[in-house]
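J.: sequence-free structure coming up:
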């Protein structure tokens, strides 16, 4: 059975829901309708075409063919995650304006679709420009019971992370961002995933005033050397093999929090730059991939900073 939950806040009048394929464009009228549509992508106890399409770039055709043949209903635990997600949509609607602040005046469709399925591997991801996807089985495997009180806040942070990815993708489209080489794609992933990390990391990672938290300090002792070495290697190598690229990309934004050598430091650095006011991040978002190197020049420490400066700039950059 295909179930949809629709919740809208109407400020002046109802606006019909946007087509998922429609490109965002400026509104000519002062009419705004915010909506989050939750779509359980299970039909007759099988994954729907929507869920298969969302997984197309993430799984092999062979895997998708096999998954499409699986016939089962949601488990009790998966259904609890489904219910939790459905209960949070009002809060997610209210988050949208604040999440958009660092992206300035870009336009994004008012309707956000949330696809829910299972066995897609990642707990959350985005599809095209309007859709956030959550994998119910992956959520259960990663975070345990949806009824655990900690998972209510976690689910809000996961939505904020993925919606921020939609904003980043829309920003890149409207700015006509071109990633012409491997280095560009790595730097873009650092800022793209770093911004998502800023929205989803728990409070223990956030700075205390102008200082890193204890857990960030300890973690960055191992991550900063990796960050510096990887970006230096990418910048100075005339040619990288596919094996080299796989090694350098590994754990940039995937794996445990303490392994994310690109996304986590950039996320914490953005938190330092925001300093409680997300308007401070507009200048960094507007730099796109070019934001990463100057951020690193400001915040790297010790030998990692020294080695990084030898490659990227012999003159240290001061924060203010």
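T.: Noted; the coordinates are in hand. Keep in mind that this is a model prediction, so the values were computed, not measured.

J.: helix or strand for the residue nearest the centre of the chain, which one?
T.: The centre of the chain sits closest to residue 196, judged by C-alpha atoms, centre = their mean, with a distance of 3.7 Å. Using DSSP states H and E, residue 196 falls within helix 182-200.

J.: Where does pLDDT dip in the protein?
T.: 1-33, 314-320 (pLDDT under 70).

J.: 80 instead, please
T.: Scanning the chain for pLDDT under 80 picks out 1-33, 313-320.

J.: pull the longest helix from it.
T.: Looking across the chain with DSSP state H, the single longest helix is helix 150-174.

J.: Enumerate every residue touching the closest residue to the residue nearest to the centre of the chain other than its chain neighbours.
T.: Nearest non-adjacent residue to residue 196, counting by C-beta to C-beta, 6 or more residues apart in numbering: residue 161, 4.3 Å away. The C-beta positions use only the backbone N, C-alpha and C, and glycine is treated the same way. By C-beta atoms under 8 Å, 6 or more residues apart in numbering, the residues touching residue 161 are 124, 196, 197, 199, 200.

J.: do residue 249 as well
T.: By C-beta under 8 Å, 6+ apart, the neighbours of residue 249 are 186, 189.

J.: Distance check, it against residue 263.
T.: For residue 249, the distance to residue 263 equals 12 Å [C-beta to C-beta, to the nearest Å].

J.: who touches both of those two?
T.: Listed as contacting both residue 249 and residue 263 by C-beta under 8 Å, 6+ apart are residue 189.

J.: where does residue 46 fall, phi/psi-wise?
T.: Note on residue 46: its backbone torsions stand at phi -130, psi 160 [degrees, to the nearest 10].

J.: Pretty sure it sits against residue 71.
T.: Yes - in terms of C-beta atoms under 8 Å, residue 46 counts as a neighbour of residue 71; the distance is 5.4 Å.

J.: higher neighbour count, those two?
T.: Using other C-beta atoms under 10 Å as the criterion, residue 46 and residue 71 rank with residue 46 on top: 15 against 9.

J.: If the more buried one is in a bridge, with which residues?
T.: On the basis of DSSP bridges, residue 46 is bridged to residue 43.

J.: What separation do you get for it and residue 62?
T.: 17 Å.

J.: Figure out how far whichever helix or strand residue 248 is part of is from the centre of its chain.
T.: Secondary-structure assignment from DSSP H and E places residue 248 in helix 242-249. Distance of helix 242-249 from its chain centroid, counting by C-alpha atoms, centre = their mean, to the nearest Å, is 22 Å.
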